[in-house]
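Trainee: need a structure here:
(chains A and B)
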Amino acid sequence: MNERAGFARLDDRELEPAEARAYLDAPTTEAEREEVLALAAWFQRRYPTPVERLASASAPPIDRSTS
Amino acid sequence: MRGGDFDELAFFRAIHRSGVRALLIGRRALVLLGLPVLTADYDFWIAIDEIAAFNAAVAPCDLLPTVDAEQAKRRGRYVVENDEHVDVLVARAITTVDGVPVAFEDLWAHRRAVTLAPGVDVQLPAVDDLILTKRFADRPKDLEDIRLLRILKSGLRP
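Mentor: Predicted coordinates for the structure are as follows:
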């Protein structure tokens, strides 16, 4: 099995409404907030222009045909 | 497949010059807002009557539609692709999984532009509107993106 394709399928599945609501309603911890904002700050320093950010964003292709 | 010669700036320039009302949504919008996420494709929501103009704009980038404009309108979405894959929403409005109607015209009215280069702007929905587009399907990655966007918004200066 193509591992990336397998993960892609997991990522593309739709959650049950209750499952999604629970995830979205879960409070954001201060640690999570600090981590995300620190990562965003690093990303914006590392790639200071929008063009650089876009160029950094391309994931390797996913072979969805492989099972 | 990502072609080695795909000119991303030319792609966005072509859309800008076409005058098509095209909102960049999906993960590349998050990237432009400053969030480090990866993606394999592009996602746009365009005005429903501007399909032909959008297709003509991206054709020089070797991107071709998978269905004709009438079919795209009926389906509410279509794809232009070749070495790159571009998902295009063309509905006037889409309802989120929890029943909130989201109209293209409303998002367009509240859009913000990001300048890639002189004469090359990309139009993004407002952060709250981008979050709504992430509720069109409750996939794990969409929910994760919503959490990232909420945190990013909380850290923005007013």
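
Trainee: State the distance from residue A:44 to chain B.
Mentor: 5 Å (Cβ to the nearest Cβ, to the nearest Å). Where you see a C-beta, it was placed from the backbone N, CA and C, and this is true even at glycine.

Trainee: Chain A contacts on chain B?
Mentor: B:1-2, B:8-9, B:27-28, B:31-32, B:34-40, B:97-98, B:114-117, B:122, B:137-141, B:143, B:146-148, B:150-152, B:154-155 (Cβ under 8 Å from any Cβ of the partner chain).

Trainee: Which helix in the chain has the most residues?
Mentor: Going with chain A. Counting residues, the longest helix in chain A under DSSP state H turns out to be helix A:30-46.

Trainee: Wait, chain B was what I had in mind.
Mentor: Max-length helix for chain B by DSSP H is helix B:140-155.

Trainee: Now do that helix: everything it contacts.
Mentor: The contact list for helix B:140-155 (Cβ atoms under 8 Å, 6 or more residues apart in numbering or on different chains) reads A:10-13, A:15, A:20, A:23-24, A:28, A:32-33, A:36-37, A:40, B:27, B:30, B:33-35, B:37, B:127-128, B:130-131, B:134-136.

Trainee: one step back: could you give me the PyMOL syntax to select whichever of the residues of chain B next to chain A are buried?
Mentor: Per 16 or more other Cβ atoms under 10 Å in any protein chain shown, the buried members of the residues of chain B next to chain A correspond to this PyMOL selection:
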select buried, chain B and resi 8+27+28+31+32+34+35+36+37+39+40+114+116+122+137+138+139+140+141+143+146+147+148+150+151+152
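
Trainee: Find the least confident helix or strand in chain A, judged by mean pLDDT.
Mentor: helix A:3-12 (a mean of 58; mean pLDDT, DSSP states H and E).

Trainee: What's the first helix or strand after it?
Mentor: Following helix A:3-12 in sequence order, the next helix or strand is helix A:17-25 (DSSP states H and E).

Trainee: low-scoring stretches of chain A, by residue?
Mentor: A:1-11, A:59-67 (pLDDT under 70).

Trainee: run the last query once more with 80
Mentor: A:1-13, A:59-67 (pLDDT under 80).

Trainee: hang on, residue B:79 in a helix?
Mentor: No - looking at residue B:79 with DSSP: H, G, I helix; E, B strand; the rest coil, it is strand, so not inside a helix.

Trainee: what's the closest non-adjacent residue to it?
Mentor: Nearest non-adjacent residue to residue B:79, counting by Cβ to Cβ, 6 or more residues apart in numbering or on different chains: residue B:66, 4.6 Å away.

Trainee: Also residue B:23?
Mentor: In space, residue B:23 is closest to residue B:45, 4.7 Å off (Cβ to Cβ, 6+ apart).
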